[in-house]
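Trainee: Just a sequence and a predicted model for now, questions to come.
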Amino acid sequence: MAKICFAQEMYFPLQSTQALSAYLKNAGHQTDLAIGRPNDIVDYVLKTKPDLIAFSVLTAYRNHMLAVSSAIKDAGIKIPIIAGGYDITFMPQILENSDLDMICVGEGGEPIVELANEIDKGSELQKLEIGNIHFKQTNGKIVKNPMRYWLMDLDKAPFDDRDIYWEKDDYFKIVPFTQVLAGRGCPYPCTYCFNDGYKKIHMENGMAGKEYTNFRSVGHVINELKMLSEKYDAKDFFFNDSTLTWNKKWIIDFCKAYKESGLKQTFSINAVIPELSEEVCKALASTSKCRLIRWGLETGNDSFRIKTLRKAIKNDQIIEVTDRLNRHGLRYSMQMMLGLPGESKEYAWDTIDMARRVTGKTGVHGINIFKPFPGLEINNIGLELGEYQASDVVAPGSVLPPTLSKESREVMDSPKEEVYLPEDEAYLTSRASMHKTGPDQSKLNPNSVVEEINDVKEVSMNSENIQDQLGNGFIRNEKVYEDDRVDTDNPYSESNFGTRNMVFYDNYRRDRLGRYILKLSRYSHIAIRFPGLRPIIEKLIQLPDNTFNRAVWKATEGLLNIRVHAGAPWSYFVKYLFFHAGKQVR
């Protein structure tokens, strides 16, 4: 029996960790959990002596993982470290440029079980041939094992292991919702979503793209919900699937089975506007338990949504469907993004105005500050327009997008009139180059060398100094950032892409217009509800970004958004304040 310790920064039950723990326990292995800052995790590892340390990495916590890995090595601990997740799959170069011993790309359930089996046998890890796992050799060379086909019969996967969190700390027993995944993937090619890029990575390895989006059987999902009700006294089911309504027959059958099951819990889902037909809305309403439907407005401008985000939905459709939801008494939340690459001041206000128009009596808003996470096709728009800094967007050892030019790096006050995606061929080339590792790619491909043009310095963006920037903080444009300086000396500070605070507060656009939209986002909840305050908000966001702006964002996002989306009663906040206030939660 091998002992695997999962490590993370915050007190939040990660579904990926629960899934991997379930696979390992089913195979007879032991799992544990360490939560906290790097030194806390080092101390815990020294005390418990696991056989493997594992991270399921979200981009917001990537720097925590890197800091913990370095702290473990600095402490002389010889326990192997593995990381996996979407962030790692899009940035496999991180193995070469970190203290990790191995990474897992793609699905991790079966690979981590095979790895634990070999650890239990005492096998030499560097010689293992386990699909999806890349191993770092003692000489620094990376051995990449082939990507395995994704699991097709999802009913064969075990139910997530909630005990790994429940037995760790009482805080997890007061989390007001229970996360559930009914399936995998999303059938749409939106440029701002990880799903499209993740699917294409697998397709490049011979898998069928049409098989990516998949559901467990309705009966299997209902059985899990019953188990969660009986064993954990679940109060609300939060379906994390990108969309639970893409398969019309499945969602209607699910609603029927939910009613017949006798389950008393409420549930919330994600959906896409064209999927919410009269028949589907009727089925959801018939359960009397559908607490919230989350759907994507994304942006309020039709042209920008369709041509740049590649989401073929018009405002007229949104109005029609929200009228239908209101008629059926179904509460909904419109998810939107501010700070998208290529977004203008007018587009940002279009989003706020459209959100207000379709709010209805009970509608709420999920406002997200867009981030250029790895693998997103739309990132190249920001690079082309000079709105992103390459070190924020690309991975060490990567080749920059071939469509990027030196001229496009200039800081701009406004984008082009129309922002479209360049030819797909350029993006396919860019995506493929993101997975090249080895020698300095900039010496092999002249297109990978650009210069940061600003008032202070010129930076040659080859793979070596990209790594320096990723490790030491942003190379910031002093003219744009004279009102927004941060400390860049600490590699585990707010200044780095991959930390919780920066992902919560920044859109990573480095142009003046991007900073305007970022400051507007702080007041977006207020602007939607109180349109008469627009002149005052316009004046406030002309000032430098400041602590007050962030406080407004944190308060309105927490009280008006998170409380509704998480289904958190006021009693949760009271319990957190009195018993768990010192814990960092998501």
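Mentor: Everything's here; your move.

Trainee: Against residue 135, how distant is residue 123?
Mentor: Separation of residue 123 from residue 135 (CB to CB, to the nearest Å): 12 Å. For every residue, glycine as well, the C-beta is placed using N, CA and C.

Trainee: And for residue 199?
Mentor: 25 Å.

Trainee: Check residue 510 too.
Mentor: 37 Å.

Trainee: How about residue 158?
Mentor: For residue 158, the distance to residue 135 - CB to CB - is 26 Å.

Trainee: low-scoring stretches of the stretch 351-500 of the chain, by residue?
Mentor: Scanning the stretch 351-500 of the chain for pLDDT under 70 picks out the ranges 391, 394-498, 500.

Trainee: circling back to that earlier point, residue 123 and residue 135 - which one has more neighbours?
Mentor: residue 135 (22 against 12; other CB atoms under 10 Å).

Trainee: can you give me the strands in the stretch 201-350 of the chain?
Mentor: In the stretch 201-350 of the chain, the strands defined using DSSP state E, counting those that start in this stretch lie at 214-215, 236-239, 266-271, 290-298, 332-338.

Trainee: Which among those is found nearest to residue 5?
Mentor: Closest of the strands of the stretch 201-350 of the chain to residue 5 is strand 236-239, at 26.4 Å (criterion: CB to CB).

Trainee: Just give me how far that closest one sits from the chain centre.
Mentor: Its chain's average C-alpha position is 18 Å from that of strand 236-239, according to CA atoms, centre = their mean, to the nearest Å.

Trainee: Buried ones in it, by neighbour count?
Mentor: Of all the residues in strand 236-239, those buried under the rule 16 or more other CB atoms under 10 Å are 236-239.

Trainee: In this protein, where is pLDDT below threshold?
Mentor: 391, 394-498, 500, 502-503, 561.

Trainee: domain ranges for it?
Mentor: 3-144, 379-479 (automatic domain parsing).

Trainee: ok, residue 232 - contacts?
Mentor: Residues in contact with residue 232, defined by CB atoms under 8 Å, 6 or more residues apart in numbering, are 162, 166, 178.

Trainee: distance of the first one from residue 133?
Mentor: Here the distance between residue 162 and residue 133 works out to 26 Å (CB to CB).

Trainee: and if you look at the second one?
Mentor: Counting by CB to CB, the gap between residue 166 and residue 133 amounts to 29 Å.

Trainee: Next, the distance between the ends of stretch 155-169.
Mentor: 29 Å (CA to CA, to the nearest Å).

Trainee: I should have written stretch 187-207 there, sorry.
Mentor: Start-to-end, stretch 187-207 (CA to CA) is 15 Å.

Trainee: Next: stretch 208-219.
Mentor: 26 Å.

Trainee: Name the residues of that stretch that come out as buried.
Mentor: The neighbour-count check on stretch 208-219 (16+ other CB under 10 Å) flags 212-218 as buried.

Trainee: do stretch 151-165 as well
Mentor: Neighbour-count burial for stretch 151-165 flags 154, 157, 159-165 (criterion: 16+ other CB under 10 Å).

Trainee: And for stretch 367-385?
Mentor: Across stretch 367-385, burial judged by 16+ other CB under 10 Å covers 367-385.

Trainee: okay, that stretch in PDB with CA atoms only?
Mentor: The C-alpha atoms that make up stretch 367-385 are tabulated as PDB, following Å, rounded to 0.1, in the frame of the first residue of the first chain:
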ATOM      1  CA  ILE A 367     -19.200  38.700 -13.200                       C
ATOM      2  CA  ASN A 368     -15.700  37.400 -14.000                       C
ATOM      3  CA  ILE A 369     -12.600  39.300 -14.600                       C
ATOM      4  CA  PHE A 370     -11.200  37.500 -17.700                       C
ATOM      5  CA  LYS A 371      -7.700  35.900 -17.300                       C
ATOM      6  CA  PRO A 372      -5.500  34.600 -20.100                       C
ATOM      7  CA  PHE A 373      -5.100  31.200 -18.700                       C
ATOM      8  CA  PRO A 374      -2.800  28.800 -20.600                       C
ATOM      9  CA  GLY A 375      -4.300  27.100 -23.600                       C
ATOM     10  CA  LEU A 376      -7.000  29.600 -24.400                       C
ATOM     11  CA  GLU A 377      -7.200  30.400 -28.100                       C
ATOM     12  CA  ILE A 378      -8.300  33.900 -27.500                       C
ATOM     13  CA  ASN A 379      -5.000  34.800 -25.700                       C
ATOM     14  CA  ASN A 380      -3.400  35.300 -29.100                       C
ATOM     15  CA  ILE A 381      -5.800  38.200 -29.700                       C
ATOM     16  CA  GLY A 382      -4.300  40.000 -26.700                       C
ATOM     17  CA  LEU A 383      -0.800  39.300 -27.900                       C
ATOM     18  CA  GLU A 384      -1.400  40.500 -31.400                       C
ATOM     19  CA  LEU A 385      -3.000  43.700 -30.100                       C
END
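
Trainee: Go ahead and measure how far it is from the middle of the chain.
Mentor: Counting by CA atoms, centre = their mean, stretch 367-385 comes out at 12 Å from the chain centroid.
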